[in-house]
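> Kindly generate the corresponding structure for this input.
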Amino acid sequence: MNKQRVLVCWVGAKDLNSLADENPGPILSTLMAVEFNRVELLYSYPETRVKPWLTWLSTQVNLQINAHYEPLSSPVHFAQIYQAASRHLKRLAPDACLSVQMTPGTPAMQAVWILLGKTRYPMTFYQSSPEQGVEQVDIPFEIAAEYIPAANALSGEKLVQLSRLDVPFDAAFDRIVTRNPRMQQLIQQSQILAARLVPVLIYGETGTGKELFARAIHNASPRAKGPFIAVNCGAIPPELVDSTLFGHLKGAFTGAIQNRTGVFEQANGGTLFLDEFGELKPDVQVRLLRVLQEGVITPVGGDQEKKVDIRLISATHRNLMHEVGQGRFREDLFYRIAIGVLHLPPLREREGDILLLAQTLLQEMAKQDDSLMDKRLSPEALKRIQNHPWRGNVRELQATLVRAALWSRGTIITAEELHQALFILPEDKNDKADIDFSEGVNLQALMSDFSRNYIRQALAYTGQNKAQAARLLGFNNHQTLNNWMKKNRSE
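All right, here's what the predicted structure looks like:
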């Protein structure tokens with residue numbers, strides 16, 4: 001009896017958002033690109049958010065879909081994630097040919113998939129992106145059993161603390177680790193804004209420290225003794241946006257079993273930090289503009305206005321001026337929030353800061369757990385850190401150091417151990433900043449890797465139809481493609 005091909009993965013935010021977006025999300029993209037008999041999904045989101053997506057997914061693919069709720073206390077709780085994933089894999093392993101889609105979920109979930117897939121349950125790894133599509137991932141290392149006790153030596157609570165990278169409540173400008181002149185200028189500008197109480201808009205890629213700056217501005221302001229309320233606008237289900245922002249009265253809608261205070265009212269007298277502000281839909285922007293102009297809110301289901309006094313700090317990774325030009329963001333709201341504007345640079349542009357941050361993060365990890373007290377990076381590992389593009393910025397650096405420290409067998413984290421902890425995207429292979437010329441470069445091998453990547457994608461897109469793939473790749477016919485594949489050992 002042939003084993004069933006089973007795809008296993010966590011349900012991620014990009015998948016749930018695919019109901020509204022044109023992008024199908026990592027899970028559906030994989031099911032469309034690769035043939036499976038069924039899919040086993042794990043999720044920790046509320047069922048009210050997941051069920052509609054599951055119903056929609058079942059209309060997009062013709063295969064068995066099993067979904068399992070896992071009540072994680074945190075999406076980065078290693079112990080709970082490990083237990084949930086291993087429990088399901090143990091049940092599936094005897095009768096299934098396992099594959100896992102690593103893209104959805106948190107870095108902790110990705111790390112657990114690799115640990116399980118390399119030690120207990122052989123599986124095929126996939127990842128996806130809008131730019132590269134769905135790709136099978138070759139993880140070029142084996143994890144010996146001795147790596148696992150290092151992770152087990154730390155409690156789940158400690159692992160959560162190490163991986164979370166929470167912004168401290170007492171965050172101040174001296175907690176921003178930098179030697180970079182551009183960052184130092186931003187700190188000076190932020191100190192000026194803190195005293196003026198004007199609305200602040202912070203631009204920056206994910207993981208660049210937007211909330212750290214927001215908390216520091218609050219703590220240095222006259223409102224420091226008031227509350228600091230942070231909310232991620234992109235994580236609020238559309239049907240709960242008004243309730244989250246403005247509150248609701250009991251019975252206002254199905255499920256409103258008691259009164260709820262919204263974040264505007266919670267932040268009264270203090271600072272409200274709205275992260276991922278650019279994700280708010282136009283209809284919400286209209287209601288938000290009125291609140292900012294008039295300083296009053298009306299809870300959902302109520303008819304009595306409430307006065308609120310808040311200092312607004314918003315943050316986004318989007319270019320809001322471009323969004324205004326495209327009609328996706330209200331111009332009047334933009335000029336209301338964009339009084340003090342800060343553009344945080346990505347880590348790769350912060351000259352002099354990458355190694356400083358790496359050392360500082362290791363020191364912070366040692367403070368949280370004595371078993372990591374003596375961990376330090378080898379010169380070769382430091383060089384690897386310096387050359388990596390860090391697309392996830394400080395958040396990616398933190399997650400990588402946690403993994404490297406867990407898997408390192410000695411006090412020195414080697415370059416190889418750091419490499420094992422990195423998630424290398426396919427495009428990194430052709431990134432000049434990621435190429436080490438010290439021992440020469442095999443240009444032919446790089447070109448072969450580059451071509452193999454596109455040939456695999458073209459064949460996957462056409463369902464392994466070489467004639468169609470040849471046309472997409474610019475070859476005269478499929479025989480020319482065959483010759484190219486043989487020459488580059490792509491078959």
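> Give me the packing partners of the helix or strand where residue 79 lies, helices and strands only.
Here residue 79 sits within helix 78-92, counting by DSSP states H and E. On a contact count with 3 or more CB pairs under 8 Å, 6 or more residues apart in numbering; DSSP states H and E, helix 78-92 meets strand 4-10, strand 38-43, helix 107-119, helix 156-164. In short, each C-beta sits where N, CA and C put it, glycine included.
> Let's have the ones you listed in a markdown table, adding distance to residue 454.
Below are the helices and strands packed on helix 78-92 laid out as a markdown table (distance: least, CB to CB, whole Å):
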| stretch | distance to residue 454 |
| --- | --- |
| strand 4-10 | 24 |
| strand 38-43 | 27 |
| helix 107-119 | 25 |
| helix 156-164 | 35 |
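> of all those, which lies closest to residue 25?
strand 4-10 (10.8 Å; CB to CB).
> coming back round to it: can you redo the helices and strands packed on helix 78-92 as CSV with mean neighbour count, mean pLDDT and distance to residue 364?
Shown next, in CSV, are these (neighbours: other CB atoms under 10 Å; pLDDT from 0 to 100; distance: least, CB to CB, whole Å):
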stretch, mean neighbour count, mean pLDDT, distance to residue 364
strand 4-10, 22, 91, 27
strand 38-43, 21, 92, 30
helix 107-119, 22, 84, 17
helix 156-164, 20, 54, 9
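> Please identify which of the ones you listed is closest to residue 240.
Taking the helices and strands packed on helix 78-92 one by one with CB to CB, strand 38-43 is closest: 17.6 Å.
> Which strands border that closest one, and is each parallel or antiparallel?
Strand 38-43 sits in its sheet next to strand 4-10 (parallel), strand 64-69 (parallel), going by DSSP bridges.
> pull the longest helix from the protein.
helix 443-461 (DSSP state H).
> before we move on, back to that, for residue 170, which of the helices and strands packed on helix 78-92 is the nearest?
Across those, closest to residue 170 is helix 156-164 (CB to CB), at 16.3 Å.
> before we move on, the earlier item: which one, of the helices and strands packed on helix 78-92, ends up nearest to residue 458?
Once the helices and strands packed on helix 78-92 are compared by CB to CB, strand 4-10 is nearest, at 22.0 Å.
> Show the subsequent helix or strand relative to the closest one.
Following strand 4-10 toward the C-terminus (DSSP H and E): helix 13-16.
> follow-up on the earlier one: give me the packing partners of the helix or strand following the longest helix of the chain, helices and strands only.
Using DSSP H and E, the helix or strand that follows helix 443-461 in sequence is helix 466-473. Applying 3+ CB pairs under 8 Å, 6+ apart, we find helix 466-473 packed against helix 443-461, helix 478-487.
> now helix 466-473, how far from the chain's geometric center?
Taking CA atoms, centre = their mean, to the nearest Å, one finds helix 466-473 lying 34 Å from the centre of the chain it belongs to.
> got the CA coordinates for that helix in PDB?
Extracted as PDB, the C-alpha positions of helix 466-473 are listed here (Å, rounded to 0.1, in the frame of the first residue of the first chain):
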ATOM      1  CA  LYS A 466       8.500  20.700 -20.600                       C
ATOM      2  CA  ALA A 467       7.200  22.200 -23.800                       C
ATOM      3  CA  GLN A 468       5.200  24.900 -21.900                       C
ATOM      4  CA  ALA A 469       8.100  25.400 -19.500                       C
ATOM      5  CA  ALA A 470      10.500  25.900 -22.400                       C
ATOM      6  CA  ARG A 471       8.400  28.700 -23.900                       C
ATOM      7  CA  LEU A 472       8.200  30.400 -20.500                       C
ATOM      8  CA  LEU A 473      11.900  30.300 -20.100                       C
END
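> contacts for it?
By CB atoms under 8 Å, 6 or more residues apart in numbering, the surrounding residues in contact with helix 466-473 are 454-455, 458-459, 461-462, 476-478, 480-482.
> Could I get the buried residue list for it?
Buried positions in helix 466-473, judged by neighbour count with 16 or more other CB atoms under 10 Å: 466, 469-473.
> residues in contact with stretch 210-220?
By CB under 8 Å, 6+ apart, stretch 210-220 touches 167-173, 175-176, 186, 190-191, 193-195, 200, 202, 204, 224, 228, 230, 270-271, 273, 275, 311, 313, 315, 342, 344.
> Whichever of those end up buried, select them in ChimeraX.
Buried members of these, defined by 16+ other CB under 10 Å, are picked up in ChimeraX with:
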select :167,171,173,176,186,190,193,194,200,202,204,228,230,270,271,273,275,311,313,315,342,344
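> Next step: the contacts of stretch 210-220 restricted to helices.
186, 190-191, 193-195.
> in the stretch 301-450 of the chain, which spans are strands?
306-307, 311-316, 340-343, 376-377, 412-413 (DSSP state E, counting those that start in this stretch).
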